[in-house]
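1. structure for this input, please:
(2 chains)
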Amino acid sequence: MGVPNQTNTKIAEPYTPDEMFVPVEQNNSEAEMISRPSISYWKDAWLRLKKNKLAMSGLVILIFLLIMAIIGPMLTPYSMEQQSLTKQNLAPSSEYWFGTDNLGRDMFTRTWYGARVSLFVGIMAAMIDFLIGVLYGGLSGYKGGRTDNIMMRIIEILYGLPYLLMVILLMVVMGPGLLTIIVALTVTGWVGMARIVRGQVLQLKNSEHVLASKTLGASTFNIIRKNLLPNTMGPIIVQMTLTVPTAIFAEAFLSFLGLGVQSPAASWGVLANDGLPVILSGDWWRLFFPAFFISLTMFAFNVLGDGLQDALDPKFRK
Amino acid sequence: MGKYIVSRFVGALITLWIIVTLTFFLMHLIPGSPLNNERNTSEAVQRNLEAHYHLDKPVVVQYGIYLKSLLQLDFGPSIKQSSQSVNDMLGQGFPISAELGFYSLLIAVMSGIVLGILAALKHNHMIDYLAMTIAVIGISVPNFIMATLLIQQIAVNMELLPVATWASPAHMILPTVALATGPMAIIARLTRSSMLEVLNQDYILTARAKGISTFNIVMKHALRNAVLPVVTILGTLVAGVLTGSFVIEKIFAIPGMGQYFVKGINNRDYPVIMGTTVFYSAFLILMLFLVDIAYGILDPRIKLHKRGD
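-> From the prediction side, this is the model:
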């Protein structure tokens, strides 16, 4: 690995008289010096992730998708809602890069606008899951005993609920819309995160550095924030990278059932759903572009998540 | 083991009860009466209808009536299609959905495990990369897109198989495959990683040293340990196949349970949504329960524990 090469080749001298051997002066300041540069956990994980070509390609794709979601809709002269009745159902051309839909709206603009919605849903769901999961799981694991018992019972019951069915039910009750999708996805989604955090905290809370902090009078909140969380970040990040595609998929699924965001707003799921019936009449671009980008996003998040899992696993640390 | 089964069963019943309660009160949170529609009904008719569906009683009483009818396996009426009750829909749709789901799961488990084993045996060779490419595609492509692509390529362009419906075995191939790819990919990846771990164990080396053929090593020594993780996620996969079937049934116009559920959602037919949700949940919980017990039977460590008791 990337250890700086030190000069350990010595030119052999033909004759060394004994008087030349002098005891080395003891230097206390150097006694504790670490000759190898110390690599932090995160740096080490990054070095390992960099070697994983598949995971890196996932990361590059995600950065590309994020950038395009921001600037994509601005690259065309058309707006997302702008209809043109003379230019309906056009195949991709130099004028309309991804073609147009049945109302003459530019698919390129709509696809990247859809990227904003889909990625927003995915990332928001992951963030909220993270917040609730860490608070709940952290508290449950740290408090232990009866509190932990009761909190875990609740989780067990919630875990038994069928996720997508509950999301559908909530969407039916709350009505379709961007915010309600995020709420519905997170109401049942945070449980997985809470379980992971709790397991980690349970393992860590008896370790020496936590005991040391406690002895020095650190508050519970500070112990969770400074001692426990940084050490559980690995599994948490992996779980978050896998939550985003799940949420994006769930959103596409809801859109397919007519419970997604409402027109004229559009997510990839809505666009793909609109494109499904017209594919048999040959208008392949209506389905192809949103479907392709959904799949690409799922792919990128999944391979990145897998790569992170390996990179952040302390077992593999060298 | 017996104690374990009982405690799991009680847990499953509690979960089911919570789902029923949640579903019931969520449905009653929706503003307006389910009977409100464009049709002009006279006051008396409206009142009679409300009395017929017990809507004139307090919510708690309605809840009691609902629980009681559920215990008698009555899942309630449909308000939009007055000729049919949810039980009729279940009776017509469920056998078809069960068939679709069962075949899909069967294909997913068999092909997933075979792909996973092949990939593990030929670790870092062409077959491994090929199997994992298939798996990544299976995970990345949502099933409704997979279904549409299959219809367009195989049914419309090549005209090899029928486009839709559920009439003959030939009709069943495309929907089953479309529904099976996702779970298959997950199973393949899981089998591969656990198989790789098992194949590195000492007892496999011993078996090799004794000159047992690779086939026998895999079948008799490695597989049982390697499929354990697959059994644990089987419950989740059943849930995935079940929800996936809503979409697949809609795309392929299969007259299964999912169609009624989706139609219920689109028509805002609340009793149908409620009834089917409860039925689906009960089915899922039963499956999870069975998977847990199967795990107990399959896992040799749990068996050892029993013998030690």
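2. let me see the contact set for residue A:198.
-> A:136, A:137, A:138, A:140, A:141, A:148, A:151, A:152 (CB atoms under 8 Å, 6 or more residues apart in numbering or on different chains). For glycine as for every other residue, the C-beta is placed from the backbone atoms N, C-alpha and C.
3. cool, residue B:76 as well?
-> Contacts here follow CB under 8 Å, 6+ apart; on that basis residue B:76 touches B:66, B:69, B:85, B:86, B:271, B:272, B:274, B:275.
4. so which of the residues you listed comes closest to chain A?
-> residue B:274 (8.7 Å; CB to the nearest CB).
5. quick one: mean pLDDT for the lengthiest helix in chain A?
-> Counting residues, the longest helix in chain A under DSSP state H turns out to be helix A:107-143. Averaging pLDDT along helix A:107-143 yields 87.
6. just the buried residues of it, please?
-> A:107-126, A:128-130, A:132-134, A:136-143 (16 or more other CB atoms under 10 Å in any protein chain shown).
7. what packs against the helix or strand that that helix is followed by?
-> Later in the chain than helix A:107-143, the nearest helix or strand by DSSP states H and E is helix A:145-160. Contacts defined by 3 or more CB pairs under 8 Å, 6 or more residues apart in numbering or on different chains; DSSP states H and E place helix A:145-160 against helix A:107-143, helix A:178-204, helix B:2-29.
8. between helix A:145-160 and helix A:107-143, how many degrees?
-> 150 degrees (axes from the mean of the first three to the mean of the last three CA atoms, to 10 degrees).
9. which helices and strands does the next helix or strand after helix A:145-160 pack with?
-> On the C-terminal side of helix A:145-160, the closest following helix or strand by DSSP H and E is helix A:163-174. If you count contacts as 3+ CB pairs under 8 Å, 6+ apart, helix A:163-174 packs onto helix A:178-204, helix A:229-256, helix B:2-29, helix B:228-251, helix B:270-298.
10. out of those helices, the one nearest residue A:165 is which?
-> Nearest to residue A:165, of all those, is helix B:270-298, at 5.7 Å by CB to CB.
11. spell out which parts of the stretch 51-200 of chain A neighbour chain B.
-> A:156-157, A:160-166, A:168-170, A:172-173 (CB under 8 Å from any CB of the partner chain).
12. point out the least confident one among these.
-> For these, the least confident entry is residue A:160, with 70.
13. count the residues that sit near that one.
-> Applying other CB atoms under 10 Å in any protein chain shown, we find 21 residues neighbouring residue A:160.
14. one more: residue B:30?
-> 14.
15. that one against residue B:270, yeah?
-> Yes - between residue B:30 and residue B:270 there is a contact under CB atoms under 8 Å: 6.8 Å.
16. could I get the helices and strands packed on helix A:163-174 as a markdown table with distance to residue B:134 and mean pLDDT?
-> As requested, the helices and strands packed on helix A:163-174 are arranged in a markdown table below (distance: least, CB to CB, whole Å; pLDDT from 0 to 100):
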| stretch | distance to residue B:134 | mean pLDDT |
| --- | --- | --- |
| helix A:178-204 | 26 | 85 |
| helix A:229-256 | 18 | 83 |
| helix B:2-29 | 35 | 82 |
| helix B:228-251 | 17 | 82 |
| helix B:270-298 | 25 | 82 |
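17. what's the closest of those to residue B:111?
-> helix B:228-251 (12.4 Å).
18. quick check: angle from the closest one to helix A:163-174?
-> Relative orientation of helix B:228-251 versus helix A:163-174 (the same axes, to 10 degrees): 40 degrees.
19. what does whichever helix or strand comes after helix B:228-251 contact?
-> Using DSSP H and E, the helix or strand that follows helix B:228-251 in sequence is helix B:257-266. For helix B:257-266, the external contacting residues (CB under 8 Å, 6+ apart) are A:168, A:172, A:257-259, B:78, B:80, B:89-90, B:93-94, B:96-97, B:245-250, B:253, B:269, B:272-273, B:276-277, B:279-280.
20. please enumerate the helices of the stretch 51-200 of chain B.
-> B:59-71, B:86-121, B:126-140, B:143-150, B:169-199 (DSSP state H, counting those that start in this stretch).
21. pick out the residue of the stretch 51-200 of chain B closest to chain A.
-> Counting by CB to the nearest CB, the stretch 51-200 of chain B gets nearest chain A through residue B:140, at 3.9 Å.
22. which one of the helices and strands packed on helix A:145-160 lies closest to residue A:78?
-> helix A:107-143 (5.2 Å).
23. can you state the direction angle for that closest one and helix A:229-256?
-> 140 degrees.
24. so what's the residue nearest to residue A:280 when sequence neighbours are not counted scoring on pLDDT?
-> Of all residues not flanking residue A:280 in the chain, residue B:156 sits nearest, at 6.2 Å (CB to CB, 6 or more residues apart in numbering or on different chains). pLDDT recorded at residue B:156 is 78.
25. run a quick neighbour tally on residue B:156.
-> 13.
26. pretty sure it sits against residue B:163.
-> Yes - using CB under 8 Å, residue B:156 is in contact with residue B:163, at 6.6 Å.
27. OK, contacts around the residue of the stretch 51-200 of chain B closest to chain A?
-> Neighbouring residues of residue B:140 by CB under 8 Å, 6+ apart: A:295, A:296, A:298, A:299, A:302.
28. what residues does residue A:269 make contact with?
-> Contacts of residue A:269 (CB under 8 Å, 6+ apart): A:118, A:248, A:251, A:252, A:253, A:254, A:255, A:256, A:260, A:290, A:294.
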